[in-house]
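Peer 1: this is a predicted model, with the sequence first.
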Amino acid sequence: MSKLTSLHDAVAAHVHDGDLIYAAGFTHLIPFAAGHEIIRQGRRDLTLARATPDLIYDQMVAAGCARKLIFSYSGNPGIGSLRVVRNALEAGTLAWEEYSHFAMISRLTAGASGVPFMPINPTGVEDLPRANPNYRTVRDPYSGREVVTVPALHPDVAIVHVQRADAEGNCHLWGILGEQKEAAFAADRVIVTAEEIVDASVIRSDPNRTIIPGLVVGAVCHVPFCAHPSYTQGYYDRDNAFYLEWDRLSAEASGVKAWLDEWVFALPDREAYWDKLGPEVHARLRVEPRWSEPVNYGQY
Amino acid sequence: MTDPRLTPSELMTVNAARLLRNGDVVFVGVGLPNLACNLARRLHAPELVMIYEAGVIGAQPARLPLSIGDPTLVSGALSVCSMWEIFGFYLQRGLVSVGFMGGAQIDRFGNVNATVIGPYDHPKVRLPGSGGSMEIAAWADRCYFISPHEKRRFPARVDFHTSAGFLGGRAERQAAGLRGGGPAAIVTDLGILEPDESGELVLAAVHPDVDPHRAAEQTGWALKFSPQLRTTAAVNEDELTLLRQLDPQRIYLN
């Protein structure tokens, strides 16, 4: 059954006020277009979970969508602070729950696997476990040693961007895989955004690359360039200049507001956003192809 | 060569690169650690395996990555896996020989704070947080850090333990049951700090023409000098030329 729908309708149907959202993607494949659609539809009191909140959550926090943040590294990668999030945390206007990357991913993996918690070897530090009571310890029943535990995370909604999907939501991904698969399996509802919608035969031609099966997907949206200023491996480059620019313009609340007005509220969708970026940006982000060798699955 | 003068970043990066051994499996941080690893790979450690927390193994970046998840790390790499696998199968399992990181603050026992200045619940300055560092510092065989030598970066005690050095001393780290050996060296623009037998960081080396007392003045505890205090070898032409080729736009080598 086709799950194809517009991103507008997918967000309207699946993202509700108060939900716990996991917009996945570690630097790569960050679904910015979905974040912008959530902003446009005025969702409130969301709990935003991501290992790296990145600019997508900086923007959603600035737009007033969030009540709480769950994260493990809150920075503008390679540049410095996420200024909006940092100001909100320092001012006490945003609740937060903090982990290390491994603990965050362990929570998703437990959620994706249907077990209640995940054990982690000790790291020797006690300050974060003291600040976050979700860190606990349990005795390994086999060795008798103490291990750290974190509870399963079950997002209400996971949003994952992929290179290509069929209409049922079977997804091919390559490049940095981050926590895409874990988030999709852990969540109650999954929205897929894809650079390309392909025939099921394309997916079936390379089943090992199907990282996310349609089985767990609720909506499939065709959204080319969804990830900008993040990137999609093989499709377009990361817009490092924009990440630098955001650092500059987010120094003032007025700069952020003006940006949201111009680039989110004044535009209907991602197509309009990409057009507005213009040919110079398109050319700057274009990538030369570098193909893999095909593999032979064999005819049986 | 555009600028013949050696910058502090270049001095630190070259000295950090020299610490890596051929065949090391190194968990690479972005910025100067990444430059140091690429330099070592081109000089004395061609079989260095570079691992990035984004899940990339054996990266051969063709350009300098701004972020830890740059697409150039993927194209031509040996393998790309999920974050669960990189932290679980590679790091927690015990395959990583070196963790290579920066750090906002490093204390007398090599504990690092990258989380918060002031009280955790009411932060004066909110820093990015652990990312991968909590587990890397605990589980890599040995860890190196690069940091400018400034008093505010080297307090006697950090406000918050984001990742473990020797905690209150070597015995305490041992009691915590961590698989990794902890900090092995902190490379600064004045010299190199190394842990003594108690786990306290002492001045093990100074760079050429650096007065060791300058390092002491820029350290937040009474910095001891190693009885075998060395002077690092001057950065040679090969090292500098190669390094400058790696960052032609001087994004990190400022």
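Peer 2: Received it, and whenever you're ready, just let me know what you need.
Peer 1: in chain A, what residue comes closest to chain B?
Peer 2: residue A:27 (2.4 Å; Cβ to the nearest Cβ). For glycine as for every other residue, the C-beta is placed from the backbone atoms N, C-alpha and C.
Peer 1: counting neighbours, what do you get for that residue?
Peer 2: 27 (other Cβ atoms under 10 Å in any protein chain shown).
Peer 1: surely it touches residue A:178?
Peer 2: Yes - between residue A:27 and residue A:178 there is a contact under Cβ atoms under 8 Å: 7.5 Å.
Peer 1: buried sites along the host helix or strand of residue A:195?
Peer 2: Assigned by DSSP states H and E, residue A:195 belongs to strand A:189-197. By neighbour count on 16 or more other Cβ atoms under 10 Å in any protein chain shown, the buried set for strand A:189-197 is A:189-195, A:197.
Peer 1: that strand and chain B, are they touching?
Peer 2: No - on the criterion Cβ under 8 Å from any Cβ of the partner chain, strand A:189-197 is out of touch with chain B, staying 13.9 Å away.
Peer 1: so which helix or strand takes in residue B:242?
Peer 2: Using DSSP H and E, residue B:242 falls in helix B:237-246.
Peer 1: can you get me a residue count around the residue nearest to residue B:116 when sequence neighbours are not counted?
Peer 2: Sequence neighbours aside, residue B:123 is the residue nearest to residue B:116 in space, at 4.6 Å (criterion: Cβ to Cβ, 6 or more residues apart in numbering or on different chains). Look at residue B:123: counted by other Cβ under 10 Å, it has 19 neighbours.
Peer 1: what does residue B:5 give?
Peer 2: 6.
Peer 1: who's in contact with it?
Peer 2: Residues near residue B:5 by Cβ atoms under 8 Å, 6 or more residues apart in numbering or on different chains: none.
Peer 1: where does it land in three-state SS?
Peer 2: Here residue B:5 is recorded as coil under DSSP: H, G, I helix; E, B strand; the rest coil.
Peer 1: pLDDT score for it?
Peer 2: Reading off the confidence values, residue B:5 has pLDDT 85.
Peer 1: now the helices for the chain?
Peer 2: Just going to use chain A. Taking DSSP state H as the test, the helices found in chain A are A:7-14, A:32-40, A:54-62, A:83-91, A:101-113, A:127-131, A:180-186, A:200-204, A:240-249, A:253-260, A:270-285.
Peer 1: um, chain B though
Peer 2: Counting by DSSP H, chain B has helices at residues B:8-19, B:32-42, B:83-85, B:133-139, B:170-175, B:212-217, B:237-246.
Peer 1: make CSV out of those and add mean pLDDT and distance to residue B:108.
Peer 2: Formatted as CSV, the helices of chain B follow (pLDDT from 0 to 100; distance: least, Cβ to Cβ, whole Å):
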stretch, mean pLDDT, distance to residue B:108
helix B:8-19, 97, 20
helix B:32-42, 92, 22
helix B:83-85, 97, 32
helix B:133-139, 97, 16
helix B:170-175, 96, 13
helix B:212-217, 98, 13
helix B:237-246, 94, 31
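Peer 1: what about the helix or strand of chain A with the lowest mean pLDDT and chain B, touching?
Peer 2: None of the helices or strands of chain A scores lower by mean pLDDT, DSSP states H and E than strand A:80-81, at a mean of 88. Yes - using Cβ under 8 Å from any Cβ, we find that strand A:80-81 touches chain B at residue A:81.
Peer 1: ok, residues contacting that strand?
Peer 2: For strand A:80-81, the external contacting residues (Cβ under 8 Å, 6+ apart) are A:74-75, A:247, B:126, B:128.
Peer 1: next one: stretch B:225-232
Peer 2: B:15, B:191-192, B:194, B:196, B:202-208, B:212, B:216.
Peer 1: and those residues, which two are furthest apart?
Peer 2: Farthest pair in the contacts of stretch B:225-232 (Cβ to Cβ) is B:196 and B:208. Separation: 23.5 Å.
Peer 1: please save the CA atoms from stretch A:130-140 in CSV.
Peer 2: Output of stretch A:130-140 as CSV, limited to C-alpha atoms (Å, rounded to 0.1, in the frame of the first residue of the first chain):
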residue,chain,number,x,y,z
ARG,A,130,24.1,12.5,39.4
ALA,A,131,22.4,15.2,37.4
ASN,A,132,20.3,12.8,35.3
PRO,A,133,18.6,10.1,37.3
ASN,A,134,17.9,8.0,34.2
TYR,A,135,21.5,6.9,34.6
ARG,A,136,21.4,3.9,37.0
THR,A,137,23.5,0.9,37.8
VAL,A,138,22.8,-2.8,38.0
ARG,A,139,24.9,-5.8,39.0
ASP,A,140,25.8,-8.0,36.1
